[in-house]
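Visitor: whatever this is, show me its structure:
(one chain, ligands or ions: 1)
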Amino acid sequence: MNLTFYKFQGAGNDFIMIDNRELFFKNNTKLIARLCHRRFGIGADGLILLESHPDEEIDFKMVYFNADGNESTLCGNGGRCIVAFAKQLGLIEKQCRFLAIDGLHQAHFEDDLVSLSMPDVDTIKSYNSESCFLDTGSPHHIDFVQNTSAIQVKAEGSRIRNSSLYGKAGSNINFVEVQDHYIKIRTYERGVEDETLACGTGVTAAAIAAHYANKIDTEEVSVKAEGGNLAVRFSHQNGNYSNIQLIGPAEFVFKGEIKC
Ligand SMILES: N[C@H](CCC[C@H](N)C(=O)O)C(=O)O
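Guide: From the prediction side, this is the model:
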């Protein structure tokens with residue numbers, strides 16, 4: 001059987017996109033892991049299905065799988081890429097509403113960037129002044145560091161992710177450096193089990209954590225990831241964060257067919 005797929009990337013976080021409105025592709029952990037494999041497959045951080053939704057007010061449904069083949073929680077960059085994919089398919093124009101595993105999301109285009117609504121954050125667990133945990137649709141551990149370039153992200157990220165701190169479910173691990181007018185981030189991603197060039201829910205978590213820790217005082221934060229620049233906007237009141245938007249590029253790379 002030949003499978004048609006589209007490859008997209010958002011700040012270097014890359015995904016295999018499949019138009020699954022005919023429900024042709026069935027969830028198969030081994031197959032998804034092979035498709036995401038950088039040598040034996042197409043290669044990607046994750047695979048995303050675009051499916052129809054019965055409610056005409058909802059443009060489509062998003063189903064996300066990590067590179068290990070397992071379905072996972074919200075993918076922020078993947079959410080921005082599926083919006084660009086839906087536009088390329090002619091499903092939407094300038095804005096949309098779609099359903100993901102954590103609920104409804106709105107998205108719109110800002111010039112050639114995609115802005116995605118992210119879930120509210122009202123609980124942040126501070127371990128100390130330089131470390132915390134929060135969930136932005138996916139779980140994120142944040143360590144504030146002096147210099148992200150000096151971090152052995154795969155080794156240190158894997159150690160924390162697999163420690164007793166996060167049990168079997170684990171967490172994504174972010175190393176964040178706060179500069180005057182932006183923050184830098186490097187992320188070890190759960191389910192990829194390696195550093196990715198960007199992580200949308202991680203970028204969102206880093207911006208909110210930096211504001212919560214009084215390391216920044218603006219409600220719009222520029223974030224430099226290894227694979228590109230993103231921005232996070234939010235409203236804040238008494239430790240509650242709402243109207244959160246993740247803004248950044250979401251680009252088509254190529255279309256292909258693969259026997260599977
Ligand atoms: N690996 C993450 C999901 C994808 C997150 C990332 N790709 C993003 O853009 O948010 C997890 O299992 O929690």
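Visitor: can you pull the phi/psi pair for Leu74?
Guide: Recorded main-chain torsions at Leu74 are phi -60, psi 140, according to degrees, to the nearest 10.
Visitor: so what's it up against?
Guide: Residues near Leu74 by Cβ atoms under 8 Å, 6 or more residues apart in numbering: Tyr64, Ala100, Ile101, Asp102, Met118, Pro119, Thr136, Gly137, Ser138, Thr201. For every residue, glycine as well, the C-beta is placed using N, CA and C.
Visitor: can I assume the third one is in contact with Gly78?
Guide: No: at 11.0 Å, Ile101 and Gly78 do not qualify as touching, with contact defined as Cβ atoms under 8 Å.
Visitor: among the contacts of Leu74, which ones are in helices?
Guide: Here DSSP state H is the test, and the contacts of Leu74 give Thr201 as lying in helices.
Visitor: which among the contacts of Leu74 are in contact with the ligand?
Guide: Ser138, Thr201 (Cβ under 6 Å from any ligand atom).
Visitor: let me see the domain layout of this protein.
Guide: Taking automatic domain parsing as the reference, the chain has its domains at 2-108+250-259, 124-249.
Visitor: need those domains in TSV with mean pLDDT, can you?
Guide: Formatted as TSV, these follow (pLDDT from 0 to 100):
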stretch	mean pLDDT
domain 2-108+250-259	97
domain 124-249	97
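Visitor: generate a markdown table for the ones you listed, with distance to Val114 as supplementary columns.
Guide: Below are those laid out as a markdown table (distance: least, Cβ to Cβ, whole Å):
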| stretch | distance to Val114 |
| --- | --- |
| domain 2-108+250-259 | 4 |
| domain 124-249 | 7 |
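Visitor: work out for me the element Val203 sits within.
Guide: Taking DSSP states H and E as the definition, Val203 sits inside helix 200-212.
Visitor: so the helix or strand following that helix, near the ligand or not?
Guide: Using DSSP H and E, the helix or strand that follows helix 200-212 in sequence is strand 220-225. No: Strand 220-225 lies apart from the ligand when judged by Cβ under 6 Å from any ligand atom; the minimum separation is 9.9 Å.
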